[in-house]
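Chemist: Predicted structure and sequence below. I'll ask about it afterward.
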Amino acid sequence: MKTAAKCDRIVVSENPGLHAGDFIARKSNDGLFRKLYGKPATLFYFGRGALWQAMQSLHLSASDNVLVPSYHCGVEIEAVSMAGVQLRYYDVREDLTINLPDLQNRIDSRTRALLVIHYFGFPQQIDVIRSEERRVGKECRSRWSPYH
């Protein structure tokens, strides 16, 4: 009969046990977010759930389109597509920055939101993207998503 070996280190499972309540969005009426911003926050277990909720809050129609990056892992695209909008893919360069000329060419009168991914923690050029938003004009800009 084998016995368990003594372990001098802590082992953390990559698949921790979850409870059903972990998958349900909850309002948090206290904590750091409320102290910083003065309003409650909704907590999500997965980022894709938060993205889906953000898409729902934009009240987009089937004729609207959302610009999404051509390089992605898939779950974020699924969350956006579940909003029932048309997806338009913009190019991402080899250095994982947005190809701005390609992005500019894909914006049209039905573009309502832009999904930007900060790959591996490196931020995209949000200031340049915001200046493009201003260039597009008031008609489109009033419908662009404030999330980034």
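Modeler: Nice, thanks for sending it over.

Chemist: quick one: strands adjacent to the helix or strand where Thr42 lies?
Modeler: According to DSSP states H and E, Thr42 maps onto strand 41-43. Strand pairing for strand 41-43, determined by DSSP bridges: strand 26-28 (antiparallel).

Chemist: picking that back up, let me know the next secondary structure element after the strand holding Thr42.
Modeler: Next in line after strand 41-43, if elements are assigned by DSSP H and E, sits helix 47-57.

Chemist: could I have that next one exported to PDB, CA atoms only?
Modeler: Extracted C-alpha coordinates of helix 47-57, given in PDB (Å, rounded to 0.1, in the frame of the first residue of the first chain):
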ATOM      1  CA  GLY A  47     -15.400  38.800 -18.300                       C
ATOM      2  CA  ARG A  48     -17.500  37.500 -21.200                       C
ATOM      3  CA  GLY A  49     -20.600  37.900 -19.000                       C
ATOM      4  CA  ALA A  50     -19.700  41.500 -18.300                       C
ATOM      5  CA  LEU A  51     -19.100  42.100 -22.000                       C
ATOM      6  CA  TRP A  52     -22.500  40.500 -22.900                       C
ATOM      7  CA  GLN A  53     -24.200  42.700 -20.300                       C
ATOM      8  CA  ALA A  54     -22.500  45.800 -21.700                       C
ATOM      9  CA  MET A  55     -23.700  44.900 -25.200                       C
ATOM     10  CA  GLN A  56     -27.200  44.400 -23.900                       C
ATOM     11  CA  SER A  57     -27.100  47.800 -22.300                       C
END
